[in-house]
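*Asks:* have a look; sequence and predicted model below, questions after that.
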Amino acid sequence: MTMFELILQGTGETLYMTVVSTALAYVLGLPLGLLLCVTDKGGIRPMPKLNAVVGVIVNIIRSCPFLILLVAMIPVTRFIVGTSIGSTATIVPLVAGSAPFIARMVESSIKEVDAGVIEAAQSMGTSALQLITKVLIPEAKPSLLIGAAISITTILSYSALAGFVGGGGLGAIAVNYGYYRYETDVMMITLLLLIIIVQIFQEVGMRIARRSDKRIR
Amino acid sequence: MTEREIIRIEDLSKSFYGKQGEVVALEKIDLSIRKGEIFGVIGLSGAGKSTLVRCINFLERPTQGRVIFDGKDLSQLNEAELRLARRSMGMIFQGFFLFAQRTAFRNICFPMEIAGVYDKQQMQERAMELLDLVGLREKANAYPSQLSGGQQQRIAIARALATNPKVLLCDEATSALDPTTTQSILSLLQDINQQIGVTIIIITHEMRVIEQVCHRVAVIDQSHIVEVGEVKDVFLRPQSQIAKQLILPRGEGVEQVTGERCLRIVFDGSTPAEPIISNMTLSCQAAVNILFADTKNIAGNAVGHMVVQLPEDETAQARILAYLDGKKLYYKEERLHDYV
């Protein structure tokens, strides 16, 4: 395999890990963030104890450095994927590590929705579930999209870190060729590619968010 | 509950429990709202009027007492039944609170989507009908950020009326608007009341809002209702200190506070052509000092009131009082600082 093919494959793996991990992390993080918001003391269904428990769990995972989490999760990853090496295996710790972060991002976006708007919806006889699906999420959509752009770039950088412990993608190439073999040019190319991918994700994400926001004339 | 009643509030109290302990927002409120009327609730800020309106649709659950709406005791309903009852009570707010990410049209559709009993075509027809009612058909596809405050409140009114509520609750609905826009929103509310017969409850701190559109008014002060009656009666013969203050606002007109005798003379439109004060000073041979005068349009009648300071001479005072009695004008001697 030529170096070009290697880097092309690495880019593909990085995109695969990032996109799939982000999607799965949102499957966990979005409901978790909504739960944090809804059960908060000023929320639509205050449940202080549940809120405190979920909050503490989220904070514990968030305070754990990602590299440690990567290693600590190897048994779990083996159990789920069958192996702890390669791109697919990396998705497991990526999702586990980023879902709590996403939950907090979602929480802060949802909390931006004007309390008066929520009250207005309640005055029309809106149920808690309708409030979430028809008011909170749609009204917070632009902010949620900005959060998603930030999350996906964070997950991308986490995925590169996974290269140290047998993960795939550009991170692994940078580690194996750039770090262990002192091939500085490979290191620079992977770095450049990572920068470009982050730029694209960030810019496209912000642009979609801006376009979806109807508050701006 | 009589047939003409739509809402009855019985012995309602509401307290909030915070860091400072118990804060009483409302205490022992009794009110009866009649079908089809425009009922005003006036009070200074902090009097408890916003809490009262939220207790009517149970956005705030009263600590004590009952709210009977259309024959149903709201405190006996479960969550789902309560949501159903709320669909019969529209509400508009000082801050409009439209959904920023929905067009005007889709804002109006929202309560119908929530109710889930309208098909798409019904919803569209009803929304267009409401846009016509509030005069904003051409703004159907505009987002709230593209609308002025008055237009946003019109859309909010249309949204509140979408599910054909029996009552429209207005919480300081014109307080964020300029005087001209306030006028147009008030006359819209009046039109809606006459056209579709919806009962309207207006919460405000502005007497002119009450004067212009309300049939009856309750004056609320420090968590209590201190006065209830026809707007004209309350205006002509305010009983409570707070009503007097609201009718003749502090700092308006009168600057000097004197210890001398003052009269508040009320002109209820029965002697429109006669120059009362001029004739009075001529026939009584006594001059009075006019401290305040104003005319208002209350429910279509021109009503005026004036505060005059009487001369020091006691016989002249007696002549003036006799003259006013002779003219059958309502007057009341007031302590000036009740008003200023």
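*Replies:* It's in.

*Asks:* low-scoring stretches of chain A, by residue?
*Replies:* A:217 (pLDDT under 70).

*Asks:* at 80 what do you get?
*Replies:* Counting by pLDDT under 80, the ranges of chain A that qualify are A:1, A:216-217.

*Asks:* immediately after the longest helix along it, which helix or strand?
*Replies:* In chain A, taking DSSP state H as the definition, the longest helix is helix A:3-38. Where DSSP states H and E defines the elements, the next helix or strand beyond helix A:3-38 is helix A:48-63.

*Asks:* I'd like the average pLDDT over the helix or strand harbouring B:Ile203.
*Replies:* Here B:Ile203 is covered by strand B:199-204, with elements defined by DSSP H and E. Strand B:199-204 shows a mean pLDDT of 96.

*Asks:* which helices and strands does the helix or strand just after it pack with?
*Replies:* As assigned by DSSP H and E, the chain's next helix or strand after strand B:199-204 is helix B:207-213. Helices and strands touching helix B:207-213, by 3 or more CB pairs under 8 Å, 6 or more residues apart in numbering or on different chains; DSSP states H and E, are strand B:38-42, helix B:179-196, strand B:199-204, helix B:231-236, strand B:289-298. Every residue, glycine included, has its C-beta placed from N, CA and C.

*Asks:* let me have the ones you listed in a markdown table, extended by distance to chain A and mean neighbour count.
*Replies:* As requested, the helices and strands packed on helix B:207-213 are exported to a markdown table (distance: least, CB to the nearest CB, whole Å; neighbours: other CB atoms under 10 Å in any protein chain shown):
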| stretch | distance to chain A | mean neighbour count |
| --- | --- | --- |
| strand B:38-42 | 17 | 27 |
| helix B:179-196 | 17 | 16 |
| strand B:199-204 | 13 | 25 |
| helix B:231-236 | 26 | 21 |
| strand B:289-298 | 30 | 15 |
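
*Asks:* lowest average confidence across the ones you listed, which one?
*Replies:* Lowest mean pLDDT within the helices and strands packed on helix B:207-213: strand B:289-298, a mean of 79.

*Asks:* show me what that one is packed up against.
*Replies:* helix B:207-213, helix B:231-236, strand B:301-309.

*Asks:* again, only this time at 10 Å
*Replies:* Judged by 3 or more CB pairs under 10 Å, 6 or more residues apart in numbering or on different chains; DSSP states H and E, strand B:289-298 is in contact with helix B:207-213, helix B:231-236, strand B:262-267, strand B:301-309.

*Asks:* pull the contacting residues for residue 110.
*Replies:* As the question left the chain open, I've gone with chain A. Contact partners of A:Ile110, counting by CB atoms under 10 Å, 6 or more residues apart in numbering or on different chains, are A:30, A:33-34, A:36-38, A:40, A:43, A:132, A:136-137, A:139-140, A:143-144, A:147.

*Asks:* that answer is for a different chain, and I need it for chain B
*Replies:* With contact taken as CB under 10 Å, 6+ apart, B:Phe110 is in contact with A:120-121, A:124, A:126, A:130, A:134-135, B:98-99, B:102, B:123, B:127, B:159, B:162-163.

*Asks:* ok, which stretches of chain B are helices?
*Replies:* Applying DSSP H to chain B gives helices spanning B:49-56, B:79-86, B:104-115, B:120-133, B:149-161, B:179-196, B:207-213, B:231-236, B:241-247, B:276-284, B:314-326.

*Asks:* restrict the fifth one to CA atoms and write it as CSV.
*Replies:* Yep, that's helix B:149-161 we're talking about. Extracted in CSV, the C-alpha atoms of helix B:149-161 (Å, rounded to 0.1, in the frame of the first residue of the first chain):
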residue,chain,number,x,y,z
GLY,B,149,-44.6,44.5,18.8
GLY,B,150,-48.2,45.3,17.9
GLN,B,151,-48.2,42.7,15.1
GLN,B,152,-46.7,40.1,17.3
GLN,B,153,-49.4,40.7,19.9
ARG,B,154,-52.0,40.4,17.1
ILE,B,155,-50.6,37.0,16.1
ALA,B,156,-50.5,36.0,19.8
ILE,B,157,-54.2,36.9,20.1
ALA,B,158,-55.0,34.8,16.9
ARG,B,159,-53.0,31.9,18.4
ALA,B,160,-54.8,32.2,21.7
LEU,B,161,-58.2,32.1,19.9
